[in-house]
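Engineer: Would you be able to build a 3D model of this:
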Amino acid sequence: MPPIKLYGTRFCPYCVRARFLLKNKQVEFEDLPVGGSGISWDELEEMTGRDTVPQIYIGETHVGGYDDLAALNRSGELDKLLGLV
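Structural biologist: Below you'll find the model as predicted:
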């Protein structure tokens, strides 16, 4: 399974939903904070081209945010990216 990284904040509702979806898939992921002791918002935007959280990577693939993750899940593509099928 490729490594999964979720850049987010603790109380962002979309971050919470993304974590919940990934936990329901029973996959391990690295939960990386943005702001405070984590990467800066500027670094996140430079890395992803976006200034919103969550930002999710599966392996080298930048999935995007929660809406993108949920769309992949609905289409069945998320399981393929995760190596579950």
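Engineer: Poorly predicted segments of the protein, please.
Structural biologist: The model of the chain has no residue with pLDDT under 70.
Engineer: What distance do you get for the residue positioned nearest the centre of it to residue 26?
Structural biologist: With distances taken as C-alpha atoms, centre = their mean, residue 56 lies nearest the centre of the chain, 2.3 Å away. The spacing between residue 56 and residue 26, counted by C-beta to C-beta, to the nearest Å, is 16 Å. Where you see a C-beta, it was placed from the backbone N, CA and C, and this is true even at glycine.
Engineer: isn't the residue nearest to the centre of the chain right up against residue 70?
Structural biologist: No - in this structure residue 56 lies outside contact range of residue 70 using C-beta atoms under 8 Å: 10.7 Å.
Engineer: hey, where'd the strands end up in this protein?
Structural biologist: In the chain, strands defined by DSSP state E lie at 4-8, 30-33, 55-58, 61-64, listed in chain order.
Engineer: Please name whichever of the ones you listed is nearest to residue 74.
Structural biologist: strand 61-64 (13.4 Å; C-beta to C-beta).
Engineer: What is the closest one packed up against?
Structural biologist: Applying 3 or more C-beta pairs under 8 Å, 6 or more residues apart in numbering; DSSP states H and E, one finds that strand 61-64 contacts strand 55-58.
Engineer: who does the strand it packs on pair up with?
Structural biologist: strand 4-8 (antiparallel), strand 61-64 (antiparallel) (DSSP bridges).
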